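Chemist: structure for this input, please:
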Amino acid sequence: MNKLREIECFIAVVESGSFVKAADTLGISKTAVSRYVADLEARLGTRLLQRTTRRLSLTEPGQRYVERCRQILTELEEADAMAGERDGQPAGPLRVNAPHTFGVLHLAPLWPAFLARHPQVMLDITLSDRLVDIVEEGFDVAIRITRLPDSSLIYRPLASTRMVLCASPAYLAEHGTPQHPSELAHHETVAYSYFSHRREWRFDGPDGPVSVRTHARLMADNGDTCLAAAIAGAGIILQPTFLVQDALLDGRLIELMPAFTTSETGVYAVYPSRKYLSAKVRVLIDYLVEAFAHPAWREDGR
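Modeler: Numbering: from 1, shown residues only. Next up, the predicted model:
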């Protein structure tokens, strides 16, 4: 039991960067935390932390040890979850990360029905457009919208979306309607910060691939901001159908150059590669696969 406590104290010190903060996190005294870490180092016969008056840092053995210890604690948590899932029934907290706009538009309406199906599950949803490390940050599942998911993770495809080039009628009336991607270099654009080629937009056209370096007057790390700016006439956007479909249907935006397309982007549920997949993760992924069998944003109804 002391070995486990030593590991908990060591990880708490590493993650907080302070013996005092680790003690607050664990609800024990700083002296106790220091003793447990010292006992751990003595038992292992090696120094895990370099201590100075200003900061703490991991030694090379400490770096290797903390990574393995995190895996051990994760496996213990999974064992606890498995024991708590009586007769294989999903139960307990379920941490989910998703892109902000997609999470609001297409996931938020799904959560009440999921909770009704699984009354012993508690959802903890985090919306962020940055690429989170789901293992390091403790997420059970993440929704990724990408060409190819991280190969170190297990994933299930949920749906796909295409990128659409569009602008408002007011912008086009003032600046003209481009007929070829090369003309975009002379137009105002609104760019999404996390788009891997946010300044260089690439298309497949009737005569092959075309790329153009764009000039972004506005760049944002949130799709809603890009959409609102485009509708208000700030420039041309290249955004997914799940975001712009309604604005295209009601005329607030107009699609440009439909003959020049981009590759379909997948919507995936990703989760860590682990031997034990808890019932709560399994039922969530199955639920999302079912929910996105016929995405609302697909023009062809598929």
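Chemist: what is the least confident helix or strand in this protein?
Modeler: Ranked by mean pLDDT, DSSP states H and E, the helix or strand of the chain with the weakest confidence is helix 60-84, at a mean of 75.
Chemist: following that one, which helix or strand comes up?
Modeler: Going down the chain from helix 60-84, the next helix or strand is strand 92-98, by DSSP states H and E.
Chemist: list the buried residues in that following strand.
Modeler: For strand 92-98, burial by neighbour count (16 or more other Cβ atoms under 10 Å) applies to 92, 94-98. Placement of C-beta: from N, CA and C, glycine included.
Chemist: do the same with stretch 31-49
Modeler: Result for stretch 31-49 [16+ other Cβ under 10 Å]: buried residues 33-34, 36-37, 40-41, 48-49.
Chemist: looking at this, L248 is in a strand?
Modeler: No: read with DSSP: H, G, I helix; E, B strand; the rest coil, L248 is helix and lies in no strand.
Chemist: now do the contacts for it.
Modeler: 164, 166, 254-255 (Cβ atoms under 8 Å, 6 or more residues apart in numbering).
Chemist: neighbours of L76, how many?
Modeler: 12 (other Cβ atoms under 10 Å).
Chemist: can you give me the distance of it to R70?
Modeler: Distance, L76 to R70, using Cβ to Cβ, to the nearest Å: 11 Å.
Chemist: ditto for Y268
Modeler: For Y268, the distance to R70 - Cβ to Cβ - is 24 Å.
Chemist: please, where are all the strands along this protein?
Modeler: 49-51, 56-58, 92-98, 121-127, 141-146, 153-161, 163-167, 188-192, 200-205, 208-213, 215-220, 236-240, 254-255, 265-272 (DSSP state E).
Chemist: neighbouring contacts of the last one?
Modeler: In other words, strand 265-272. Residues outside strand 265-272 that contact it (Cβ under 8 Å, 6+ apart): 102, 134-135, 140-150, 153-163, 240, 242, 277, 281, 284-285, 288-289, 292, 295.
Chemist: tell me the angle of that strand relative to strand 236-240?
Modeler: Comparing the axes of strand 265-272 and strand 236-240 via axes from the mean of the first three to the mean of the last three Cα atoms, to 10 degrees yields an angle of 50 degrees.
Chemist: partner strands of strand 265-272, with direction?
Modeler: The pairing partners recorded for strand 265-272 under DSSP bridges are strand 141-146 (antiparallel), strand 153-161 (antiparallel).
Chemist: the ones you listed: lowest mean pLDDT?
Modeler: Set side by side, the strands paired with strand 265-272 differ in mean pLDDT, and strand 153-161 is lowest with a mean of 88.
Chemist: buried sites along it?
Modeler: 153, 155, 158-161.
Chemist: for stretch 288-300, same thing?
Modeler: 288, 291-292, 295, 297-298.
Chemist: now render the strands paired with strand 265-272 as JSON lines, adding distance to L107.
Modeler: Formatted as JSON lines, those follow (distance: least, Cβ to Cβ, whole Å):
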{"stretch": "strand 141-146", "distance to L107": "7"}
{"stretch": "strand 153-161", "distance to L107": "10"}
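Chemist: where does this protein have low pLDDT?
Modeler: Residue ranges of the chain with pLDDT under 70: 1, 53, 74-75, 77-88, 149-151, 196-198, 273-276, 299-302.
Chemist: again, only this time at 80
Modeler: The model of the chain has pLDDT under 80 over residues 1, 52-55, 70-89, 136, 147-153, 195-199, 263, 273-277, 298-302.
Chemist: domain parsing for the chain?
Modeler: The domain map for the chain lists 2-84, 89-161+265-291, 163-255, with the assignment taken from automatic domain parsing.
Chemist: need the distance between the two termini of the longest one.
Modeler: Put plainly, it is domain 89-161+265-291. End-to-end distance for domain 89-161+265-291, by Cα to Cα, to the nearest Å: 21 Å.
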